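> quick one, what's the 3D model for this:
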Amino acid sequence: MTTSIPENERLIVENIISDSIGWAKTKDLDRLYAIMAQDEKFFIYHPDSKSTVTGFESFKGMSDFWMNPNFKATDFAVKELKITFSQSGTVAWWSAFLDDHAEWKGKPIGWDNARWTGVLEKRDGAWVIVQMHFSFAKDD
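Have a look, this model is predicted:
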């Protein structure tokens with residue numbers, strides 16, 4: 001059975017995925033926080049073992065870095081985005097490749113071709129990200 005998701009729902013989810021990275025160009029923390037699940041189950045795996053995020057409060061603690069005047073987001077690109085919706089239409093998951101670039105004290109930092117997956121849930125009529133995972137392919 002295939003779930004028919006209205007096009008506007010798909011666009012809302014696409015915008016949330018994009019804004020979860022793109023918010024940094026304007027440093028719009030209100031937008032970032034509005035699209036994240038604000039509970040202890042919120043979770044992010046980053047490529048390094050030191051940056052795992054468990055819980056929204058832990059995530060909020062990262063904002064000091066992003067809001068620091070030494071940090072400046074410069075550009076990003078979400079490539080090959082694939083979104084799938086659950087049969088109920090209340091859960092969606094995505095996969096994509098992410099380029100995410102910034103500067104720290106004027107020096108370039110960022111990622112190219114990070115593998116990026118995540119899950120959103122529709123709660124009280126609004127889509128929020130509940131989990132994300134960033135990684136890099138390592139071929140032996």
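> helices and strands around the longest helix anywhere in the chain, which ones?
Secondary structure of the chain read by DSSP state H shows that its longest helix is helix 7-26. Helices and strands touching helix 7-26, as assessed by 3 or more CB pairs under 8 Å, 6 or more residues apart in numbering; DSSP states H and E, comprise helix 29-34, strand 71-85, strand 91-104, strand 107-123, strand 126-135. Heads up, the C-betas are built off the backbone N, CA and C, glycines and all.
> name the residues that touch it?
With contacts defined as CB atoms under 8 Å, 6 or more residues apart in numbering, helix 7-26 is touched by 29, 31-32, 35-36, 66, 71, 73-76, 78, 81, 83, 85, 89, 92, 94, 96, 98, 100, 102, 118, 120, 127-129, 132.
> circling back to that earlier point, any chance of the helices and strands packed on helix 7-26 in JSON lines, plus mean pLDDT?
Putting those into JSON lines (pLDDT from 0 to 100) gives the following:
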{"stretch": "helix 29-34", "mean pLDDT": "97"}
{"stretch": "strand 71-85", "mean pLDDT": "97"}
{"stretch": "strand 91-104", "mean pLDDT": "98"}
{"stretch": "strand 107-123", "mean pLDDT": "97"}
{"stretch": "strand 126-135", "mean pLDDT": "97"}
